[in-house]
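Peer 1: have a look; sequence and predicted model below, questions after that.
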Amino acid sequence: MATEAKVDNVTAVLKVMAILEALDEGGESSLAMLSQRAVMSKSTAYRFVQTLKNLGYVAQNPESEKYRLTMKVFALGSSALGKADLIKMADPDMAALSELTREAVHLGTLDTSTAEVIYVHKYNSHFNLCIHTRIGDRSPAYTNSIGKALLAHLPPAQLDALLANVKFEPRTQNTVTTEAALREELAEIAESELSEDLEEMDEGVCCFATPIFDHTGRAIAALSMSIPSIRYHQDKTSEYKRILVEAGRNISGNLGYLARR
């Protein structure tokens, strides 16, 4: 009897993890899609997803009735993130960029449940005229270079699900305010290693970012540099972009990513 109970417990854990992983990979999903991805019956998937919903790890869209992961999942892993390879691997390159350019350097990730960028690590600018951010700050992904770098490398189905819930609101007169315009820009970014924010989130501040990939080839973060517009349109900015991309490649390589040749 005890052995049977242990087997049942292990099976339940495996099913819960299958649902969480299915939602992570596929984004907002219907019960039918979820049961298919998690390879279980709809009734079984419903039972486990309702438990996760009651615990706060899954939320349901009241209109579409589709399910998605919540920030509680992120919170569960946030302490690990602070100690994880990502920040450890990124820190030396970020420190070198900060020392070389004296500009603000940020590391950000994408919260797919809210379509927001979360800043997880940073080096402040050495100048008085600079952008002021804090670790943990959030901003809409479509308004900034980190967000656009990460959106551009999402799987198409996940991008579609995410953008379906975005309400485009201008932060400045330069902010992208339509899905069509954003998608056009993302298509160009996906073919390169660099995205830009030209006073789209904050007036007077320009940023550029490059994606960071893990060993599976998934863009898990982006590295950016923020420069006041008065200093952005200078010859040395091109050099800064080059070394930022190099830093991103180096961090990705240290995380086990093998770039396609």
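Peer 2: Arrived safely, thanks for sending.
Peer 1: do a quick rundown of the helices in the stretch 151-261 of the chain.
Peer 2: Ranges of helices in the stretch 151-261 of the chain, per DSSP state H, counting those that start in this stretch, are 156-163, 179-190, 229-232, 235-254.
Peer 1: if you average pLDDT over each of these, which is lowest?
Peer 2: Sorting the helices of the stretch 151-261 of the chain by mean pLDDT places helix 229-232 lowest, at a mean of 83.
Peer 1: of all the residues in that one, which ones are buried?
Peer 2: Within helix 229-232, the residues scored as buried using 16 or more other Cβ atoms under 10 Å are 231, 232. In this view, the C-beta of every residue, glycine as well, is placed from N, C-alpha and C.
Peer 1: again, but for stretch 94-104
Peer 2: Neighbour-count burial for stretch 94-104 [16+ other Cβ under 10 Å]: 94, 97, 98, 101, 103, 104.
Peer 1: thinking again about what came up before, compare the helices of the stretch 151-261 of the chain and give me the one nearest residue 39.
Peer 2: helix 156-163 (18.0 Å; Cβ to Cβ).
Peer 1: what helices or strands is that closest one leaning on?
Peer 2: Applying 3 or more Cβ pairs under 8 Å, 6 or more residues apart in numbering; DSSP states H and E, one finds that helix 156-163 contacts helix 2-26, helix 179-190.
Peer 1: and the contacts of that helix?
Peer 2: By Cβ atoms under 8 Å, 6 or more residues apart in numbering, the list of residues contacting helix 156-163 from outside reads 25-29, 68, 112, 115, 151, 154, 179, 182-183, 186.
Peer 1: also stretch 66-73?
Peer 2: 20, 23-24, 27-31, 34, 49, 53, 55-61, 111-114, 161.
Peer 1: any quick PyMOL command for the buried ones out of those residues?
Peer 2: Command for PyMOL that selects the buried part of the contacts of stretch 66-73, burial taken from 16+ other Cβ under 10 Å:
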select buried, resi 20+23+27+28+29+31+34+49+57+58+59+111+112+113+114+161
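Peer 1: take the contacts of stretch 66-73 and keep only those in helices.
Peer 2: 20, 23, 24, 31, 34, 49, 53, 55, 161 (DSSP state H).
Peer 1: residue 19 touches residue 45, doesn't it?
Peer 2: Yes - assessed by Cβ atoms under 8 Å, residue 19 is found in contact with residue 45 at 6.5 Å.
Peer 1: quick check: neighbours shared by these two?
Peer 2: 34, 38.
Peer 1: my guess is residue 205 contacts residue 226, does it?
Peer 2: Yes - Residue 205 is within contact range of residue 226, at 5.9 Å (criterion: Cβ under 8 Å).
Peer 1: who has more neighbours out of those two?
Peer 2: residue 226 (26 against 23; other Cβ atoms under 10 Å).
Peer 1: show me the shaky parts of the stretch 1-150 of the chain.
Peer 2: Low-confidence segments of the stretch 1-150 of the chain, defined by pLDDT under 70, are located at 1-8, 74-85, 128-132.
Peer 1: go with 90
Peer 2: 1-29, 33-39, 45, 55-57, 61-63, 69-89, 102-103, 112-114, 124-138 (pLDDT under 90).
Peer 1: ok so, going back, would you format the helices of the stretch 151-261 of the chain as JSON lines with distance to residue 220 included?
Peer 2: Output for these, formatted as JSON lines (distance: least, Cβ to Cβ, whole Å):
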{"stretch": "helix 156-163", "distance to residue 220": "13"}
{"stretch": "helix 179-190", "distance to residue 220": "16"}
{"stretch": "helix 229-232", "distance to residue 220": "27"}
{"stretch": "helix 235-254", "distance to residue 220": "9"}
